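Trainee: Predicted model and sequence follow; I will ask about them next.
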Amino acid sequence: MEQSTFDTLQAIGETFRLPGKLYAFDTIKNGNINSTYKLTYRDEGGGLKSYVAQKINTFVFKNPEEIMENIDRVTTHIRERYPQEQSLHFHHTADGKNFAYDADGSFWRVMNYVDSVTFDVCDDPATISATGEAFGRFQNQLADFDGSVLHETIPDFHNTHKRLDRLFDDVAADPLGRNAEAQAEIEYISSVRYRAGHLSELYANGDFPVRVTHNDTKSNNVLFDRVTHRPLVVIDLDTVMPGMSVYDFGDAVRFICNTAAEDEPNVRKVYFDTSKFRAFCYGYLGAVKRSLTPIEIESLVPAAFSITIELAARFLDDYLTGDTYFKVNYPGHNLVRTRCQLALAKDIVKKEDELKWIVEEIVSEH
Ligand code: GN1
Ligand code: MG
């Protein structure tokens, strides 16, 4: 008989030597790749303590032990330099590892649960600004960290140029005959192919400072204090790797400035909100602008466009090749996601001048 999730989680808890008894668990649903659970344990005195257990998707992360090595290095660096700040705490097995394989060979890790809130959608300018500040601070915290010690957990993760090449290879092959459903989307991406891939080409040519970047700067990867709504800690360090700072900025505004969800089926609801953009820039640029070089500053807005097209291309590629990478909730989900991201990218193009003025204005203050 297949083990129930409860039994699996209980066994994982034992492997990581969590004290007490597993009392309840919840599935944490945000995240398109890994499976995440909140575990609540009851100790002998009746006290409750929570943990987060994650099963890593090893189709996406081919070498999960390397991820854990990266995370260990990055969190140790931050903890040593900024001991007063909240950091992620991973549990260890009896043989001192911060990961374990279960009976089915799945890869697990366990960390302390931080009592907090996250925002999938955020309308409050102060919270948006605080999100920018959190990602800006994260960038600063890793400014003196040697990125060459990190494993490249997903090679060419944000190499937009290569992502687009792969998409068009799959379009040419059309393995499932799904191109017909996505003609307009394929044409649009094709029309912006050069423009979207340009920054990643510059990066590959060495024209950009190489920084240690987060690479998945969605607002729900920042944990906030429930009461004050101040940022506590940046999470989801699976894709921390050397990269372009402007892509972290671009990915963050792609997510937080969307007036709708990332997979909104009604594209008429999808806009890029310039007020939210201003709020995010305030927080982010306030934290990092002194360390940004001119090419980075002028590439902030183009990066928002590039990363949005890149994600659209990734969703579309997954759709055309059978939905094997991103979790989908219904058939066609990846195509819906693609359309939503393309609507957003088109609105970014429309508002490009205004967005650049906002950046210039905030950079020139002080
Ligand atoms: C994936 O699983 P999650 O939500 O942390 C993806 C990101 C995408 C994001 C889109 C390793 O992140 O690159 O931007 O979905 N992560 C990976 O929602 O591919
Ligand atoms: Mg992620």
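Mentor: Thanks, I have it. Ligands and ions are numbered 1, 2, ... in the order given.

Trainee: show me the contacts for whatever residue of the stretch 51-200 of the chain ends up closest to ligand 2.
Mentor: Here the stretch 51-200 of the chain gets closest to ligand 2 at one residue, residue 60, 9.6 Å apart by C-beta to the ion. All C-beta spots, glycine's among them, are computed from the backbone N, C-alpha and C. For residue 60, the contact set (C-beta atoms under 8 Å, 6 or more residues apart in numbering) comprises 33, 154, 325.

Trainee: helix, strand or coil for it?
Mentor: Under DSSP: H, G, I helix; E, B strand; the rest coil, the three-state class of residue 60 is coil.

Trainee: that older thread, can I get the buried part of the contacts of residue 60 as one PyMOL selection?
Mentor: Only the buried entries of the contacts of residue 60 go into this PyMOL selection, using 16 or more other C-beta atoms under 10 Å:
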select buried, resi 33+154+325
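
Trainee: So which of the contacts of residue 60 belong to helices?
Mentor: Counting by DSSP state H, no part of these is found in helices.

Trainee: pLDDT added to the contacts of residue 60, as a markdown table?
Mentor: Shown next, in a markdown table, are the contacts of residue 60 (pLDDT from 0 to 100):
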| residue | pLDDT |
| --- | --- |
| 33 | 96 |
| 154 | 95 |
| 325 | 97 |
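
Trainee: between the contacts of residue 60, which is nearest ligand 1?
Mentor: Nearest to ligand 1 among those: residue 33, at 3.6 Å, using C-beta to the nearest ligand atom.

Trainee: didn't the closest one look like it was pressed against residue 326?
Mentor: Yes: counting by C-beta atoms under 8 Å, residue 33 does reach residue 326; the two are 7.2 Å apart.

Trainee: before we move on, back to that, quickly note the distance from the residue of the stretch 51-200 of the chain closest to ligand 2 to ligand 1.
Mentor: As for residue 60, its distance to ligand 1 is 5 Å (criterion: C-beta to the nearest ligand atom, to the nearest Å).

Trainee: just to revisit the earlier point, let me have the contacts of residue 60 in a markdown table, extended by distance to residue 345.
Mentor: What follows is these, written out as a markdown table (distance: C-beta to C-beta, whole Å):
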| residue | distance to residue 345 |
| --- | --- |
| 33 | 22 |
| 154 | 22 |
| 325 | 20 |
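
Trainee: residue in the stretch 151-300 of the chain nearest to ligand 2?
Mentor: Taking C-beta to the ion, the stretch 151-300 of the chain has residue 216 as its residue nearest ligand 2, at 3.7 Å.

Trainee: tell me the secondary structure for that residue?
Mentor: coil.

Trainee: Could you restrict the contacts of residue 60 to the ones contacting ligand 1?
Mentor: residue 33 (C-beta under 6 Å from any ligand atom).

Trainee: Return the member of the contacts of residue 60 nearest to residue 301.
Mentor: The closest of the contacts of residue 60 to residue 301 turns out to be residue 154 (C-beta to C-beta; 25.6 Å).

Trainee: wait, that closest one sits on residue 243?
Mentor: No: the criterion here is C-beta under 8 Å, and residue 154 misses it with residue 243 at 11.2 Å.

Trainee: Which parts of the stretch 251-366 of the chain are helices?
Mentor: 274-288, 294-320, 333-350, 352-364 (DSSP state H, counting those that start in this stretch).

Trainee: So what's the gap between the third one and the chain middle?
Mentor: Using C-alpha atoms, centre = their mean, to the nearest Å, the mean C-alpha position of helix 333-350 is found 18 Å from that of the whole chain.

Trainee: what's it packed up against?
Mentor: helix 183-191, helix 294-320 (3 or more C-beta pairs under 8 Å, 6 or more residues apart in numbering; DSSP states H and E).
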